[in-house]
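Enquirer: Got a sequence here, can you build the structure:
(one chain, ligands or ions: 1)
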Amino acid sequence: MQTFGAFLVSFLAASGMAAALPTEGQKTASIEVAYNKNYVAHGPTALFKAKRKYGAPISDNLRAAVAAKHSLTKRQTGSANTNPSDSADDEYITSVSIGTPAQVLPLDFDTGSSDLWVFSSETPKSSASGHVTYSPSKSSTAKKLSGSTWSIEYGDKSSSSGDVYTDVVTIGGFSVKTQAVESATKVSTQFVQDTVISGLVGLGFDIGNQVSPRPQKTWFSNAASSLAEPLFTADLRHQETGSYNFGFIDTSLAKGTIGYTPADGSEGYWGFTATGYSVGGAQLNRNSITGIADTGTTLLLLPDNIVDAYYNNVESAEYDDSQEGVVFDCSEDLPSFSFGVGGQTITISGDLLNLTPIEEGSSTCFGGLQSSADIGINIFGDVALKAALVVFDLGNERLGWAQK
Ligand SMILES: C[C@@H](SC(=N)N)c1ccc(Cl)cc1
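Expert: Here you go, the predicted model:
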């Protein structure tokens with residue numbers, strides 16, 4: 001039976017460290033610590049790690065400095081903050097730099113579409129009022145993609161269209177030098193009125209791109225071959241700053257293990273199949289749910305039978321025609337909702353399932369879980385994504401989910 005001292009010495013010797021064996025009965029030991037003369041300190045990286053360790057806010061500038069450092073060491077990565085647009089977490093806003101000199105626009109990252117389009121100097125002034133715009137004429141690196149046009153309609157019937165330039169687009173310190181930037185010459189009312197964003201960054205599969213006659217690649221598709229790993233993660237948060245990380249997985253953002261499941265990109269979306277669900281922490285059933293992981297949709301949209309199974313546990317819940325959804329007393333203590341994916345269970349807490357009062361000051365609230373019956377696809381939107389760290393792994397065509 002080894003004494004502690006003898007164990008310590010043998011352990012340290014095995015690990016190449018010298019040690020002073022305490023004399024019999026002595027309660028202390030000392031070891032030399034070798035100085036790694038090859039380590040090159042990087043202040044911003046040290047600050048980033050300290051802030052991350054203690055949960056302190058990390059500025060865009062600090063993220064960019066760290067990402068830039070890593071990019072210089074050939075492990076190309078990017079890291080961008082993303083913030084909820086309002087108290088209902090309706091959408092998430094991420095700063096994107098376009099052109100030379102950089103023009104910074106607030107954009108909505110959308111894994112449910114595949115076009116990067118922006119309000120621009122070509123958008124009618126009446127429509128662009130209140131929006132930050134991109135002016136290709138003010139960018140020395142902008143080039144018109146002659147003859148190309150685009151037109152897109154989203155699930156909520158919002159739409160936009162226009163022509164196309166290529167320019168340098170930088171997200172989180174990582175630059176794609178020749179990215180298709182779709183300039184809006186026409187935008188629907190929903191976008192005109194949504195002045196907190198100036199366009200979208202489609203993070204879906206390239207097959208979904210709407211440029212004609214030659215569809216263009218998404219920013220992530222262009223970046224993937226240069227990134228340390230061909231993947232990105234979404235860490236969306238309720239009423240606080242989250243992040244999109246490109247080329248690496250920061251596992252410290254999650255509490256649980258990442259479970260992976262195949263992703264189906266054939267429709268342009270990040271499609272996957274959940275393996276069951278439960279309400280209020282009960283055991284998962286085996287009712288599989290095929291849907292998409294969609295950062296561009298606010299809600300969790302599932303079949304009626306699941307929606308009913310959930311709201312049967314909410315005493316005041318009722319369908320409100322005027323709201324086109326289920327509402328309930330804001331004072332309700334909502335049950336959690338869980339789904340299985342990749343061998344893991346993701347649990348959305350009750351408070352994340354209370355989206356917002358139906359109007360300011362109302363005591364009636366709108367549910368974060370609603371029916372997908374008239375949509376045709378099930379959508380794991382922001383309400384679900386906020387409960388997890390989600391890995392969009394293009395290289396392995398899979399989705400990773402870990403409880404936050
Ligand atoms: C895939 C999303 S739209 C998007 N994330 N760009 C969607 C499709 C259909 C409906 Cl009805 C509602 C939402």
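Enquirer: just the helices in the stretch 1-150 of the chain please.
Expert: With DSSP state H, counting those that start in this stretch as the criterion, the stretch 1-150 of the chain has helices at 4-14, 43-53, 60-72, 125-128.
Enquirer: lowest-confidence stretch among the ones you listed?
Expert: Mean pLDDT is lowest for helix 4-14 among those, at a mean of 48.
Enquirer: Residue in the stretch 301-404 of the chain with the shortest distance to the ligand?
Expert: I375 (3.9 Å; CB to the nearest ligand atom). All C-beta atoms are positioned from the backbone trio N, CA, C, and that covers glycine.
Enquirer: Go through the helix or strand hosting D163 and flag the buried ones.
Expert: Secondary structure from DSSP states H and E places D163 in strand 159-171. For strand 159-171, burial by neighbour count (16 or more other CB atoms under 10 Å) applies to S160, S161, G162, D163, V164, Y165, T166, D167, V168, V169, T170, I171.
Enquirer: what pairs with the residue lying closest to K186 once chain neighbours are set aside across the strands?
Expert: Nearest residue to K186, sequence neighbours excluded (CB to CB, 6 or more residues apart in numbering): S161, at 4.9 Å. Using DSSP bridges, the bridge partners assigned to S161 are S151, K186.
Enquirer: Distance-wise, check S161 relative to S151.
Expert: 4 Å (CB to CB, to the nearest Å).
Enquirer: Could you tell me which residues make contact with I93?
Expert: Counting by CB atoms under 8 Å, 6 or more residues apart in numbering, I93 touches T82, N83, P84, S85, P106, L107, D108, V196, I197.
Enquirer: element containing the most centrally placed residue in the chain?
Expert: Against the mean C-alpha coordinate of the chain, by CA atoms, centre = their mean, the closest residue is A234 at 2.3 Å. Element membership for A234, per DSSP H and E: strand 231-235.
Enquirer: Show me what that strand is packed up against.
Expert: Applying 3 or more CB pairs under 8 Å, 6 or more residues apart in numbering; DSSP states H and E, we find strand 231-235 packed against strand 242-246, strand 388-393.
Enquirer: other SSEs contacting the first one?
Expert: Using 3+ CB pairs under 8 Å, 6+ apart as the contact criterion, the neighbours of strand 242-246 among helices and strands are strand 78-84, strand 231-235.
Enquirer: Any chance you could list what contacts it?
Expert: 58, 63, 77-83, 92, 94, 109, 171-172, 174, 220, 223, 227, 231-236, 250, 253.
Enquirer: and S114, what does it touch?
Expert: G202, L203, G204, F205, D206, I207, G208, N209, Q210, T218, G268.
Enquirer: which one of those residues sits closest to I348?
Expert: Of all those, L203 has the smallest distance to I348: 21.7 Å, by CB to CB.
Enquirer: So what's the residue count around that closest one?
Expert: 26 (other CB atoms under 10 Å).
Enquirer: Considering the contacts of I93, which possesses the most neighbours?
Expert: L107 (25 neighbours).
Enquirer: Hmm, L203 and that one touching each other?
Expert: No. L107 lies out of contact with L203 (CB atoms under 8 Å); the separation is 10.8 Å.
Enquirer: can you pull up the bridge partners for I98?
Expert: Beta bridges link I98 to Q103, V169 when assigned by DSSP bridges.
Enquirer: Would you agree D167 is in contact with G99?
Expert: Yes. D167 is in contact with G99 according to CB under 8 Å; the separation is 4.9 Å.
Enquirer: what is in contact with those two at once?
Expert: Taking CB under 8 Å, 6+ apart as the criterion, D167 and G99 both touch P136, S139, T141, A142.
Enquirer: Also near the ligand: which of those, exactly?
Expert: Among the shared contacts of D167 and G99, none lies close to the ligand by the criterion of CB under 6 Å from any ligand atom.
Enquirer: Of those, just the buried ones, ChimeraX syntax please.
Expert: Buried subset of these, written as a ChimeraX selection, criterion 16+ other CB under 10 Å:
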select :136,139,142
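Enquirer: is it possible to export the shared contacts of D167 and G99 to TSV including pLDDT and distance to A384?
Expert: Output for these, formatted as TSV (pLDDT from 0 to 100; distance: CB to CB, whole Å):
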residue	pLDDT	distance to A384
P136	99	37
S139	99	37
T141	98	38
A142	99	38
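Enquirer: Grab the two from the shared contacts of D167 and G99 that are most spread out in space.
Expert: Taking CB to CB, no two of the shared contacts of D167 and G99 sit farther apart than P136 and T141, at 9.5 Å.
Enquirer: hey, what's in contact with both of these two?
Expert: G99, D167.
Enquirer: on that earlier part again, quick one: which of the contacts of S114 has the most company?
Expert: Highest neighbour count within those: G202, with 28 neighbours (other CB under 10 Å).
Enquirer: Tell me how many other residues surround the closest residue in space to S316 that isn't next to it in sequence.
Expert: In space, and not counting its chain neighbours, S316 is closest to D329: 4.1 Å by CB to CB, 6+ apart. Neighbours of D329 under the rule other CB under 10 Å: 12.
Enquirer: For D329, grab phi and psi.
Expert: phi -60, psi 130 (degrees, to the nearest 10).
Enquirer: Can you show me the helices along the stretch 151-300 of the chain?
Expert: 189-193, 219-224.
Enquirer: Return the residues of the chain in contact with the ligand.
Expert: D110, G112, S113, Y154, G155, D156, D294, G296, T297, I375, I379.
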